[in-house]
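Student: starting from these lines, generate the structure:
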Amino acid sequence: MSATAPALSTQASPAFCHGIRYFSDDWPDFDRLGAEPVIPEGGEAIADPADPAAVYQTLMGADALRYLTLQLTGSKGSGHPGGFASSAEAHAALLMLGHTHIVTEVGHHAPGFYSAMFLDGSLESMGIHDVEQLQARFREREGLLGHLSGAIPGLLAPAGPLGQGQHFAMAGALLHRDKLFPVTIGDGGMGEPYVLNAMMHFHTAYPEVTNFLPVLVWNGYSQEHHSMVSRLSNEEMVAYWKGHGFEEVILVDAKAFDDSGQEGAYVDSTRFSFDRRLAFTAAVLQGLGRAAASARGGRLTAFILKQLKGAGVHTVGAKSHNLYPADTLDQPHIIEGLRRRALSPRAWAVVRENFRRAGGGPAAETVVTEFELELPDLGELPCQDFPVGGTAVPSTAMGALVAAVGRRDPRFVVTNADGNEASGMKNINEALKIRHPTVDPLYHQAPSGQVYEPLNEDACAGLAAGLALFGSRSLWLSYESFAINGWPIVQTVTQAMAELRRRTPSVVCMFTAGALEQGRNGWTHQRPEIENYFAAMMRNGNVYPLFPCDANGIQAAYEYALDSSNKGMVIIASKSPLPVYLDLAASRRAVRHGAAVLHEGGAGSRGTVVLAAAGDMVFLPVFEAKDRLERAGWRVRIVAVVNPRRLYRPGDLAWDTVSQPDGDFMGDEDFHALFDGDVLVGVSGGPSGCLEPVFLRSRAPRREAVVWKRGETTATPQEIMAFNGITAEAIAAAAQD
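Tutor: Numbering: from 1, shown residues only. As a prediction, this is how the structure comes out:
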């Protein structure tokens, strides 16, 4: 307690309250309704949402969350109190009902979620035992980052970019049918793509999985202005959700309980009389009780809480969204907000005990993501050793392995927006079936299929990444060109995996039909620039772009990805018949070593040229360039850059800061044996980023790059390569000019 901010109550406060600046006296009727926790010892939830004591203590919980959210953000003059404040009754009600597997689409709600984890004791495993320590660790390194992370004890998933939380809720619901996964969604985020669309497609594909519950926090504002759905009527908002397949939509509008004469469609329930506050809280508690029962009972259900943003904190509307350096705990508007939400020491003790008991114990000890999900043993996969010198389709070779994984792991899901068949992976659909309510053998459709095909990459990446984060195997397949639309959630999840305190299967992606194969579709299908995104993320320490050079290589790459944990594995390959350069054993060594020599020869009278290439189809002009250079008197070594992450130096990456660290890098002797020469030419059918470690470490006096520039409409792969200067003539010229 601050010396300049004396408590209002003379009650002794519990030890965890050390640091709370303001206390109040007990609320009216506290001895009858608030003195003993309504969740019994050994219980997990309140017995009856209509019990006046349950309503009373839910309101206490909501104000406790508001108070901590405001003091926490005020302690740093930073963070976001307003959005969570308008959801406080809903969050408290879910906890009192025993539903602790709560995820969110709104990273700005982080201080409220941290407050909940503090009150239930989950943060004690981080050494946070009282409010003073909670404040000290907020928005600090090794503490409570400004937006949610699944690495925080008790929190299931990260939340940063809007439009992602529903994927985690659906993944959790799919894997754990006996739990309810509420997901809070802000109306500011309703303008993000695919939120309701993703849930609609999921429900069509998995109609029996309804144990996730979207909770719309409809407060009228985004972070700096009115939300784009703020003008909808209640009836229009309900119709909007029902139009996306929701059978049950329960809306509680604070306006209906207002006895304080507030203007406008959105009101602050904390300004009501105490009796009306209780009536509003009762409606939220009972409404969420019905919504939870409906969702767990097989009906797609949504709950909507309509209440003014910033309800109960320092101000309202968009101005409540963010605190700035001047919004500190000694400022009058922050002090006044805290005093209005202050609780008595006895109330704090009861709130903590209720939250500790909710769901069967602190979330850090009970929620499903605190445990590793048991995975079926895959055994030895049926790899085919294609003969060197022949031809084979890389994507089809991988498809056979994917089919085997799906047969052996019934939870395994493949996601794809633009068609496996178009990517040379029809064998996946044949074996695992596209999940669709219409049975059609021609299109390999079945209601129980393991291939999930919404027509947007966000939904594909979201479910695949969510399943991996929650502990299950998955695979996202995409055209390289379109992957950028879904990649942000993979970035979020791989960063979360870098922080997790448990092992989980890596996020595995395979991007096919890339730039060099899509000439006639024009530049819309020629966007390999995303490879530079992956290249930049290698620096994180747990992201691995893989460039198998042939059909044996892609099998080795997929085995490697399946065998990894807490990483992002991105396989780039073609769907065309291409030469086989390495046998299966050599391919396995290459993916683990980082690179492999595909050819070395020539007289060498003029010196040695190293052609280091990342890709598969791009080796066609590389080998042609080899012939030209050898005829001109050069010794030529062709090196396939298969796993560039292995080619960095240990100090280049943050590998030792991540969960499940991998410090295996190619040593200098091996590296220089591969890449030393008089001239190094880096070649890629994409951009140059994935060749960075080669250029960084090479001792060649001359280094050149022949890589992708931009897309254009062409009739053949050769023509698009020529347009970008990726030809045998250009590669040879780069080595000699």
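Student: going forward, measure contacts between C-alpha atoms and count neighbours the same way
Tutor: OK.
Student: next SSE after the one helix or strand residue 275 maps to?
Tutor: Element membership for residue 275 (DSSP states H and E) is helix 274-296. Next in sequence after helix 274-296, counting helices and strands by DSSP H and E, comes strand 301-306.
Student: and the contacts of that next one?
Tutor: Defining contact as CA atoms under 8 Å, 6 or more residues apart in numbering, one finds that strand 301-306 is touched by 87, 90, 210, 213-219, 241, 246-254, 266, 284, 287-288, 291, 294-295.
Student: now, the residues you listed that are in helices?
Tutor: Here DSSP state H is the test, and those give 90, 241, 284, 287-288, 291, 294-295 as lying in helices.
Student: max-length helix in this protein?
Tutor: helix 52-76.
Student: output the next helix or strand after that helix as PDB, nothing but the C-alphas.
Tutor: Past helix 52-76, heading to the C-terminal end, the next element that is a helix or strand (DSSP H and E) is helix 82-85. Extracted in PDB, the C-alpha atoms of helix 82-85 (Å, rounded to 0.1, in the frame of the first residue of the first chain):
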ATOM      1  CA  GLY A  82     -10.500  -0.400 -21.800                       C
ATOM      2  CA  GLY A  83     -11.400  -3.400 -23.900                       C
ATOM      3  CA  PHE A  84     -11.100  -6.000 -21.200                       C
ATOM      4  CA  ALA A  85     -12.900  -3.800 -18.700                       C
END
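Student: other SSEs contacting helix 82-85?
Tutor: Where contact means 3 or more CA pairs under 8 Å, 6 or more residues apart in numbering; DSSP states H and E, helix 82-85 is packed against helix 52-76, helix 110-119.
Student: take those helices and write them to a markdown table, including distance to residue 449.
Tutor: Listed next are the helices and strands packed on helix 82-85 as a markdown table, based on distance: least, CA to CA, whole Å:
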| stretch | distance to residue 449 |
| --- | --- |
| helix 52-76 | 42 |
| helix 110-119 | 36 |
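Student: can I get those in TSV with mean neighbour count?
Tutor: Formatted as TSV, these follow (neighbours: other CA atoms under 10 Å):
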stretch	mean neighbour count
helix 52-76	26
helix 110-119	26
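Student: how far off helix 274-296 does the longest helix of the chain point, in degrees?
Tutor: Orientation check (axes from the mean of the first three to the mean of the last three CA atoms, to 10 degrees): helix 52-76 against helix 274-296 gives 100 degrees.
Student: tell me how far helix 52-76 is from the chain's mean position?
Tutor: 28 Å (CA atoms, centre = their mean, to the nearest Å).
Student: now for that helix, which elements pack on it?
Tutor: Against helix 52-76 (3+ CA pairs under 8 Å, 6+ apart) you get helix 30-33, helix 82-85, helix 88-96, helix 110-119, helix 131-137, helix 274-296, helix 332-341, helix 345-357.
Student: and it, average pLDDT?
Tutor: The pLDDT scores in helix 52-76 average 97.
Student: what of stretch 269-281?
Tutor: For stretch 269-281, mean pLDDT is 98.
Student: go on, stretch 717-737?
Tutor: Mean predicted lDDT for stretch 717-737 stands at 93.
Student: centroid residue for this protein?
Tutor: Closest to where the C-alpha atoms of the chain average out (CA atoms, centre = their mean) is residue 493, at 3.5 Å.
Student: what helix or strand is that residue located in?
Tutor: Per DSSP H and E: helix 487-497 holds residue 493.
Student: just residue 454 next, same as before
Tutor: Secondary structure (DSSP H and E) places residue 454 outside all helices and strands.
Student: so how far is residue 183 from it?
Tutor: Per CA to CA, to the nearest Å, residue 454 is found 21 Å from residue 183.
Student: follow-up on the earlier one: check the gap between the residue nearest to the centre of the chain and residue 145 for me.
Tutor: Separation of residue 493 from residue 145 (CA to CA): 15 Å.
Student: and residue 274, by the same measure?
Tutor: For residue 274 relative to residue 145 (CA to CA), the value is 35 Å.
Student: these two - which one has more neighbours?
Tutor: Shown here are residue 274 and residue 145; by other CA atoms under 10 Å, residue 145 has more neighbours (17 against 13).
Student: could you measure from the more buried one over to residue 586?
Tutor: From residue 145 over to residue 586 (counting by CA to CA), the distance is 44 Å.
Student: now swap in residue 505 and tell me
Tutor: Taken as CA to CA, the span from residue 505 to residue 586 is 25 Å.
Student: show me which of the two is the more surrounded one.
Tutor: The neighbour comparison of residue 505 against residue 586 (other CA under 10 Å) goes to residue 505, with 26 against 15.
Student: my read: that one touches residue 475, true?
Tutor: No: counting by CA atoms under 8 Å, residue 505 sits too far from residue 475 to count as a contact (10.6 Å).
Student: what's the overlap in contacts for those two?
Tutor: Common contacts of residue 505 and residue 475 (CA under 8 Å, 6+ apart): none found.
Student: mind giving me the packing neighbours of the helix holding residue 275?
Tutor: helix 52-76, helix 88-96, strand 212-218, strand 248-253, strand 301-306.
Student: which residue ranges of the stretch 301-450 of the chain form helices?
Tutor: Assigned by DSSP state H, counting those that start in this stretch, the helices in the stretch 301-450 of the chain fall at 332-341, 345-357, 363-366, 394-408, 426-432.
Student: name the residues of the last one that are buried.
Tutor: In terms of neighbour count (16 or more other CA atoms under 10 Å), helix 426-432 has its buried residues at 426-432.
Student: okay, that helix in PDB with CA atoms only?
Tutor: Taking Å, rounded to 0.1, in the frame of the first residue of the first chain, the C-alpha atoms of helix 426-432 are listed here in PDB:
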ATOM      1  CA  LYS A 426      -4.200 -36.200 -55.200                       C
ATOM      2  CA  ASN A 427      -3.000 -39.200 -53.300                       C
ATOM      3  CA  ILE A 428      -3.700 -37.400 -50.100                       C
ATOM      4  CA  ASN A 429      -7.300 -36.900 -51.000                       C
ATOM      5  CA  GLU A 430      -7.700 -40.400 -52.100                       C
ATOM      6  CA  ALA A 431      -6.300 -41.800 -48.900                       C
ATOM      7  CA  LEU A 432      -7.600 -39.400 -46.300                       C
END
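Student: now for it, which elements pack on it?
Tutor: With contacts defined as 3+ CA pairs under 8 Å, 6+ apart, helix 426-432 has these neighbours: helix 394-408, strand 451-452.
Student: out of the ones in helices among the contacts of strand 301-306, who's the most crowded?
Tutor: Tallying neighbours with other CA under 10 Å puts residue 284 at the head of the ones in helices among the contacts of strand 301-306, with 29 neighbours.
Student: look up phi and psi at residue 555.
Tutor: Dihedral pair for residue 555: phi -70, psi -40, per degrees, to the nearest 10.
Student: how many residues are close by it?
Tutor: Other residues close to residue 555 by other CA under 10 Å number 29.
Student: contacts only, for it.
Tutor: Residue 555 touches 383, 397-398, 401, counting by CA under 8 Å, 6+ apart.
Student: can you turn the buried part of those residues into a PyMOL selection?
Tutor: This is the PyMOL syntax for the buried subset of the contacts of residue 555, where burial follows 16+ other CA under 10 Å:
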select buried, resi 383+397+398+401
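Student: let's have the contacts of residue 555 in JSON lines, adding pLDDT and distance to residue 15.
Tutor: Below are the contacts of residue 555 laid out as JSON lines (pLDDT from 0 to 100; distance: CA to CA, whole Å):
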{"residue": "383", "pLDDT": "97", "distance to residue 15": "60"}
{"residue": "397", "pLDDT": "97", "distance to residue 15": "62"}
{"residue": "398", "pLDDT": "97", "distance to residue 15": "58"}
{"residue": "401", "pLDDT": "98", "distance to residue 15": "57"}
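Student: tabulate the contacts of residue 555 (JSON lines), appending distance to residue 52.
Tutor: Converted to JSON lines, the contacts of residue 555 look like this (distance: CA to CA, whole Å):
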{"residue": "383", "distance to residue 52": "64"}
{"residue": "397", "distance to residue 52": "63"}
{"residue": "398", "distance to residue 52": "60"}
{"residue": "401", "distance to residue 52": "58"}
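Student: all set, thanks.
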